[in-house]
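A.B. asks: Next come a sequence and a model predicted from it.
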Amino acid sequence: AEGMGSCGTAAARRAQVVVTDIARDPLWAAGGRQIAADAGMTACWSTPILSGRGEVIATFALYFRERRAPTLGEQEFIQRICQFVRIAVERSREHAALRESEERFRQLVYNVRGVFWLKDLRTGRLLYVSPTYELVWGRPLAEVEEWMDSVHPDDRPLVEAALPAQRYGTYDVQFRITRPDGGIRWIRDRAFTVADAGEGHERIAGIAEDITEDLQQQEQLRRAERLAAMGTMVGGVAHELNNPLQSIAGFAEMMLREERSGADREALELIRREAARATRIVAELRLLARRSHDAPAQRERVDLNDVARHVLRIREYSLSTANIELWQELSPALPPVLGDVSQLEQVVMNLVINAAQALADVDGPRRLVVRTHARGDCCVMSVHDTGAGIPREHLHQLFDPFFTTKPPGEGTGLGLPLAQKIVAEHGGAIHVES
């Protein structure tokens with residue numbers, strides 16, 4: 001086009017433009033002609049370089065000091081140069097696009113919560129596993145081919161039976177893995193087929209997610225719903241039982257004031273004792289069933305060290321006669337907490353009694369350790385014992401009402417649920433490790 005110059009016109013026309021006399025050619029504007037004249041350039045041959053899709057990616061120009069047109073050999077040379085440039089530019093673009101694609105893929109696999117993996121459908125060989133594998137499995141990527149060895153023995157048959165479904169895109173299985181540190185994690189592994197450039201499906205892509213926390217939250221929600229329903233029922237039952245128990249205890253007390261034979265007195269003492277025990281259980285049930293907003297509002301500044309010392313003084317004789325060595329590691333820098341002293345003492349008393357009962361059958365050293373320390377703006381108290389521990393499968397049930405690992409008649413299964421409720425009402429949390 002007029003005034004666009006040789007290169008601009010070649011790009012616009014998508015065809016070679018040969019100007020043998022720049023000074024007189026209308027394609028060149030006056031300013032361009034003057035620049036060419038100052039440089040001593042008379043002729044210009046401009047050739048567009050087109051991509052494989054036909055788009056203009058550059059122009060190639062040759063300038064001469066004399067008037068002349070290209071020969072056939074020069075035209076072949078120009079076409080060859082343009083072809084080399086086109087290949088170089090397209091490869092550079094492809095490499096840049098590949099680097100960008102690889103960077104997006106890297107960001108995806110490094111930030112996705114699950115483990116992304118790719119497998120060859122025909123050979124079954126893993127082609128790629130994202131680095132998140134090391135975080136979830138706790139094992140190096142170099143050992144990824146042996147991932148099945150980490151699957152919990154009870155779940156391995158389930159996983160092995162599900163593997164053939166990978167080739168059909170219906171593979172979706174949940175299982176447990178055992179980490180090197182002994183920890184158990186729940187995994188949800190899903191897969192789908194990926195089509196290649198030709199026909200059929202030659203790769204399987206999958207993602208394995210750690211769903212341990214999700215399952216724990218679901219269980220906590222179900223447990224909260226069960227406890228809410230149980231609290232309503234327990235509150236009603238406790239209310240109905242309280243009056244008859246008071247009557248039984250009162251009549252037993254009145255009858256003990258009369259002259260009775262030894263056997264009668266022994267029976268009445270048993271009735272009174274068991275009625276008192278049942279009354280205590282009912283009181284615990286009513287406290288457990290109490291809604292949080294029904295809790296007394298009276299709170300005061302409490303030193304948890306004083307709470308621990310008071311409880312341990314009360315239990316000191318029973319611990320000593322049971323040959324239990326008591327260690328107190330109470331931090332002098334512990335800040336006070338806002339709470340109900342009697343309730344907090346009830347929590348510590350329950351934990352100490354549980355620890356003492358766990359040490360009853362221990363043949364080796366019997367040691368009970370009570371520690372306190374500050375953690376940020378929180379106060380932490382821990383009660384440790386050298387007992388046999390609690391089976392892993394029972395840990396998630398410890399705070400369920402009426403669940404107990406003690407022999408019949410030795411526990412109601414209300415102590416830890418009540419302790420958890422009291423601690424939660426004080427804005428804290430209680431955990432068990434074994």
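C.D. replies: Perfect, thanks for sending it. Given the structure is predicted, the values throughout are model-derived calculations rather than measurements.

A.B. asks: hey, let's count contacts and neighbours off CA atoms from now on
C.D. replies: Fine.

A.B. asks: what separates residue 302 from residue 316, distance-wise?
C.D. replies: Look at residue 302 and residue 316: by C-alpha to C-alpha, to the nearest Å, they are 22 Å apart.

A.B. asks: Over to residue 30?
C.D. replies: For residue 30, the distance to residue 316 - C-alpha to C-alpha - is 109 Å.

A.B. asks: report the longest strand in the protein, please.
C.D. replies: Assignment by DSSP state E gives strand 184-195 as the longest strand of the chain.

A.B. asks: packing partners for that one?
C.D. replies: strand 172-178, strand 201-210, helix 212-256 (3 or more C-alpha pairs under 8 Å, 6 or more residues apart in numbering; DSSP states H and E).

A.B. asks: closest to residue 16 out of those?
C.D. replies: Taking C-alpha to C-alpha, strand 201-210 is the member of the helices and strands packed on strand 184-195 nearest to residue 16, at 46.1 Å.

A.B. asks: The closest one - what's its average pLDDT?
C.D. replies: Averaging pLDDT along strand 201-210 yields 85.

A.B. asks: still on that earlier bit, strand 201-210 and the longest strand of the chain, what's the angle between them?
C.D. replies: For strand 184-195 against strand 201-210, the angle by axes from the mean of the first three to the mean of the last three C-alpha atoms, to 10 degrees is 160 degrees.

A.B. asks: send the alpha carbons of strand 184-195 over as PDB?
C.D. replies: Taking Å, rounded to 0.1, in the frame of the first residue of the first chain, the C-alpha atoms of strand 184-195 are listed here in PDB:
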ATOM      1  CA  ILE A 184      -2.400 -44.300  59.700                       C
ATOM      2  CA  ARG A 185      -3.800 -42.100  57.000                       C
ATOM      3  CA  TRP A 186      -7.000 -42.600  54.900                       C
ATOM      4  CA  ILE A 187      -6.600 -42.300  51.200                       C
ATOM      5  CA  ARG A 188      -9.200 -41.800  48.400                       C
ATOM      6  CA  ASP A 189      -7.700 -42.900  45.100                       C
ATOM      7  CA  ARG A 190      -9.500 -42.200  41.800                       C
ATOM      8  CA  ALA A 191      -8.500 -42.700  38.200                       C
ATOM      9  CA  PHE A 192      -9.700 -42.000  34.600                       C
ATOM     10  CA  THR A 193      -8.400 -42.900  31.200                       C
ATOM     11  CA  VAL A 194      -6.600 -40.300  29.000                       C
ATOM     12  CA  ALA A 195      -6.900 -40.600  25.200                       C
END
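
A.B. asks: Kindly state the beta-bridge partners for the nearest residue to residue 212 once chain neighbours are set aside.
C.D. replies: Nearest non-adjacent residue to residue 212, counting by C-alpha to C-alpha, 6 or more residues apart in numbering: residue 186, 4.8 Å away. Beta bridges link residue 186 to residue 176, judged by DSSP bridges.
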